[in-house]
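> this is the structure alone, sequence omitted:
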DNA sequence: TGCTTTTAAAATGTCAGACATTTAAATGTA
DNA sequence: TACATTTAAATGTCTGACATTTTAAAAGCA
């Protein structure tokens, strides 16, 4: 594990990259302990603060975890699905907000991914998944539910649908797309009428999944996508008129 | 922007979180300059090295970039798709290798996501996308191509397919799944016969996309998935027998 | 001997201050 | 005016120190 002395980039970045490579390539295995900060500083011929900056970079990516005390140190971290979800969501959220991805594009991606899960979900769904979906549908029908809670319930419903596919990689991939869209969804104020419609779609989806009818679920999802887009466009238009009252 | 003095966690982690929140929530906008390290140190009542560790954490997530010199400093970074791809790929690769996701699961996820793109790709593909796909198919037919190059070409082909959908969010989502699987794919040694078959599937997919026939492309993808799984199982089995020659 | 308490050591976490390097603006000069 | 020089502000790095946490070993005691 060496660094290029001619490189102009930050030493801490180079060191982080060297260690990252060692981890990703499998040279360092899960739970293996890295040399202490002092030892790393010696190895790379840098000071301890520089090494620490490098380690913090890796910690930010959940590649390592640190433990204080004697026989503590930095250890290669087993990346859990939870941590991966978190990073995925942060990245997706930023990507959506900063690149000003349109609602249409995000919506399209989300439902396309979700439809990819439905055939598997229809095949493999457990009573647990169905129960979660039914419970959320029930909650969504409650009057007095805030828009935020309605959206949160919506997310839970769709996650249950995705999880029903029984493929953690798909769940991980979709977590970002679905959760990153939540702020955008929250901007939509759901009238009683639109909630009723959405609950209808959800019921159709749950029914289809229960009946192991993948294509029916896909059709319902497709219609839900159209409806969501329709709602969003209404909101955008209203906002546009509001900001230009003369036009 | 404040931190909890009673919190036991690393100060640098808390500071990073505070700044991250400010960025994600939109309190700090793209290209806005953060206070200098010295000023941040004052604000948070910590030393400069601690602030620096926090900033390195954010830099590792591409949330900020730093610039040296007068009027330099840390700036809120516009997360580019390229950077997001990179992080996505690193995370997905680790997730696959560390959690020992089976080839079957990864394969299933990849093709499910890819099939989600095909209807859009069939609708929107440009001559450019078709040309890329054809070029890669041609390359894959060349004798003397190494397995690594064959796999790389395979990745390029599938990325072109995904990009043809014209939805950057989908492209981003899939980059991880497809590229993270490459090391696993590289383990498979492709015989002349299997290459021929794969090229056949690829041609069918390209033809279907060109003909704007989404369902046909999906069918071909489904068969390609089965075939890939078949090849992989053969390799796994051979490896198993090799490691237990007595059995 | 066996258990509990104390102690010491090793590691990370934090701080202070200094110097090096880079960069762009401000200044001076032909 | 155009170019070279200076200067100031910021990050990058180093040294050395102290604080805190944690564990293992040593010491003390029944």
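Perfect, I can see it now. Just so it is clear, the structure is predicted and the values come from calculations on it, not from any experiment. Numbers count the residues shown, from 1 in each chain, chains lettered A, B, ... in the order given.

> C-alpha from now on. contacts and neighbour counts both.
OK.

> please parse chain A into its domains.
A:11-76, A:82-243 (automatic domain parsing).

> nearest to residue B:236, of those?
domain A:11-76 (19.7 Å; CA to CA).

> OK, contacts around residue A:220?
A:201, A:204, A:205 (CA atoms under 8 Å, 6 or more residues apart in numbering or on different chains).

> helices or strands up against the helix or strand encompassing the second one?
Translated: residue A:204. According to DSSP states H and E, residue A:204 maps onto helix A:192-210. When contacts are defined as 3 or more CA pairs under 8 Å, 6 or more residues apart in numbering or on different chains; DSSP states H and E, helix A:192-210 packs onto helix A:103-124, helix A:127-141, helix A:214-243.

> most tightly surrounded among those?
Stretch with highest mean neighbour count among these: helix A:103-124 (a mean of 22; mean count of other CA atoms under 10 Å in any protein chain shown).

> which secondary structure elements does it contact?
Against helix A:103-124 (3+ CA pairs under 8 Å, 6+ apart) you get helix A:147-163, helix A:168-180, helix A:192-210, helix A:214-243, helix B:103-124, helix B:168-180.

> go again with 10 Å.
Contacts defined by 3 or more CA pairs under 10 Å, 6 or more residues apart in numbering or on different chains; DSSP states H and E place helix A:103-124 against helix A:81-98, helix A:147-163, helix A:168-180, helix A:182-186, helix A:192-210, helix A:214-243, helix B:103-124, helix B:168-180.

> quick revisit: reformat the helices and strands packed on helix A:192-210 as TSV; add distance to DNA strand C and mean pLDDT.
Below are the helices and strands packed on helix A:192-210 laid out as TSV (distance: least, CA to the nearest atom of the strand, whole Å; pLDDT from 0 to 100):
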stretch	distance to DNA strand C	mean pLDDT
helix A:103-124	36	92
helix A:127-141	39	96
helix A:214-243	36	85
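
> who's in contact with the helix or strand bottoming out on mean pLDDT in chain A?
When each helix and strand of chain A is scored by mean pLDDT, DSSP states H and E, helix A:182-186 comes last, with a mean of 77. For helix A:182-186, contacts defined as CA atoms under 10 Å, 6 or more residues apart in numbering or on different chains pick out A:93, A:96-97, A:102-103, A:106-107, A:147-152, A:154-155, A:178-179, A:228, A:232.

> residue numbers of chain A in contact with DNA strand C?
Residues of chain A lying close to DNA strand C (CA under 7 Å from any atom of the strand) are A:8, A:35-38, A:49, A:52, A:66-74.

> contacts with chain B among those residues, please.
Residues of these in contact with chain B (CA under 10 Å from any CA of the partner chain): A:49, A:52.

> ok, which of the residues of chain A next to DNA strand C also contact DNA strand D?
Applying CA under 7 Å from any atom of the strand to the residues of chain A next to DNA strand C, those adjacent to DNA strand D are A:49, A:67, A:68, A:69, A:70, A:71, A:72.

> which among these end up buried?
residue A:49 (16 or more other CA atoms under 10 Å in any protein chain shown).
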